[in-house]
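Student: below are the sequence and a predicted model; questions follow.
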Amino acid sequence: MKKNIAILCSGGDVSGMNPALKRFVEYSLQNNLTPYFVYDGYEGLIDNNIKKTSYCDVAGIVNRGGTKIGSARSQRFREAKYRKQAKENLHKLNISMLVVLGGDGSFRGLHQFYLEHKIKFCGIPSTIDNDISGTDYCLGIDTALNMIKLSIDAIRDTASSFKRAFIIETMGNKCGYLALVSHLTSGSELCLIPEVPYNLKDYEEKFKHQIKNGRRYFIVITAEGIKQNAQEIANWFEDKIGIESRVSILGHLQRGGNPSVRDRLMAHEFITYAIDGLLKNINETIVCYSESGFNYKEIDAVVNTPHQLNQELISFISS
Ligand code: ATP
């Protein structure tokens, strides 16, 4: 008998989810599985918003950001009675395997779901925070970094015309990955992230000296989770460095945009590994990626190990 497999997206959407959905449908059918979409994350699992899918549902989506099947944050899924309802919906449709695209919160929910109901699953790290322990890459990161790059390049054009400091805030409440990589790849003057304590006073003399020597503008990249907000940093530039300042909060544009080549390829590979793993009975795992390639990690270890930002990248901030 043909087996049924479902996929859902949970937590913040990322660019790369649509190419993943396309590969999911095509690779499931190639493997004689019947693919299902769960709409709107764990909410759809609870509400039985689960539909059989096929090639025509994924035509023309590979180049689109976001996710065709919707994503959600679900308060109800935190409660056991709704997780039981979710399991019953999967059972009614005879769905025995589940692929989840999401961040660490989504995996925590999935872990709980498995402990209670033993649904076979595979998780695919998908978050622009890149803050999941055990994997160097999360789907969506490359596109988000490219969106930020475009924004910083555009801001640099105007910053260099006027004598101004621009404070550009990226997403990243607890993890400064987006800000740090954007800093290193855009040649900004200062990067402030939650993982690295700072004191603005330490930069005062250096920046004043640079202005005296002809510097016309500053680009500063901050992650949203630092102790001061972007406007406070801008005020410091005006008060202490004596340069007019502007704030640019990139916000949700970082989540959108046409998926980059890297995210399309990663989506293809993540899904292939996820389905291969499930077919080989490698269950209850997250597909992780490191320099040595793809591997499967126990969800327990992934959700219970604190994430650490790459120390070498951090060391470049001050060098
Ligand atoms: P992002 O990194 O983009 O924020 P995320 O997956 O970390 O993505 P969260 O909002 O933290 O996003 O989690 C997504 C959903 O996972 C929650 O809305 C909730 O439904 C479920 N979830 C998170 N933690 C738990 C938990 N401990 N028990 C049950 N469900 C959970």
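Tutor: Thanks, I have the structure now.
Student: do a quick rundown of the helices in this protein.
Tutor: In the chain, helices defined by DSSP state H lie at 17-30, 41-46, 80-92, 104-117, 141-161, 177-186, 201-212, 230-236, 261-279, 299-304, 311-317, listed in chain order.
Student: which of the ones you listed sits closest to the ligand?
Tutor: Distances from the ligand to each of those were compared using C-beta to the nearest ligand atom; the shortest belongs to helix 104-117, at 1.9 Å. Using the backbone N, CA and C atoms, a C-beta is placed for each residue, glycine as well.
Student: need the residues that contact the closest one.
Tutor: The set of residues external to helix 104-117 that reach it, using C-beta atoms under 8 Å, 6 or more residues apart in numbering, is 10-11, 41-42, 73-74, 77-78, 80, 83-84, 86-87, 98, 100, 102, 119, 121, 123, 127, 131-133, 284, 286, 299-300, 302-303, 307.
Student: how does it look with 6 Å?
Tutor: 10-11, 77, 83, 87, 100, 121, 123, 132, 284, 299, 303 (C-beta atoms under 6 Å, 6 or more residues apart in numbering).
Student: lowest average pLDDT across the helices of the chain?
Tutor: Least confident of the helices of the chain, judged by mean pLDDT, is helix 311-317 with a mean of 88.
Student: could I get the buried residue list for that one?
Tutor: Neighbour-count burial for helix 311-317, counted by 16 or more other C-beta atoms under 10 Å, picks out 314, 317.
Student: picking that back up, to H252, which of the helices of the chain lies closest?
Tutor: Across the helices of the chain, the minimum distance to H252, taken as C-beta to C-beta, is reached by helix 141-161, at 10.1 Å.
Student: list the buried ones in the closest one?
Tutor: Counting neighbours by 16+ other C-beta under 10 Å, one finds that the buried residues in helix 141-161 are 141-148, 151-152, 155-156, 159.
Student: list the contacts for the residue nearest the centre of the chain?
Tutor: Centrality entry for the chain: nearest residue to the mean C-alpha point is T127, 1.6 Å, by C-alpha atoms, centre = their mean. Contacts of T127 were listed using C-beta under 6 Å, 6+ apart, and they are 103, 138.
Student: domains of this protein?
Tutor: Following automatic domain parsing, one gets these domains for the chain: 3-140+259-305, 142-254.
Student: tell me which of these is the most buried.
Tutor: Comparing those by mean neighbour count (mean count of other C-beta atoms under 10 Å), domain 3-140+259-305 comes out on top with a mean of 20.
Student: that one near the ligand anywhere?
Tutor: Yes: interface with the ligand: domain 3-140+259-305 contributes 10-12, 42, 73-74, 77-78, 102-106, 108-109, 112, 127, 129 (C-beta under 6 Å from any ligand atom).
Student: now A165: how far from the ligand?
Tutor: 30 Å (C-beta to the nearest ligand atom, to the nearest Å).
Student: going forward, the N-terminal residue is numbered 125.
Tutor: Fine by me, first position is 125 from now on; the one you just mentioned is A289.
Student: is that residue in a bridge, and if so with what?
Tutor: Listed beta-bridge partners, A289: F342, S369 (assigned using DSSP bridges).
Student: and L263, by the same measure?
Tutor: Assigned bridge partners for L263, using DSSP bridges, are S250.
Student: contact partners for it?
Tutor: With contacts taken as C-beta under 6 Å, 6+ apart, L263 has the following neighbours: 138, 140, 250, 390.
Student: if I look at the third one, how far off is L324?
Tutor: Using C-beta to C-beta, to the nearest Å, S250 is found at 35 Å from L324.
Student: cool, thanks, signing off.
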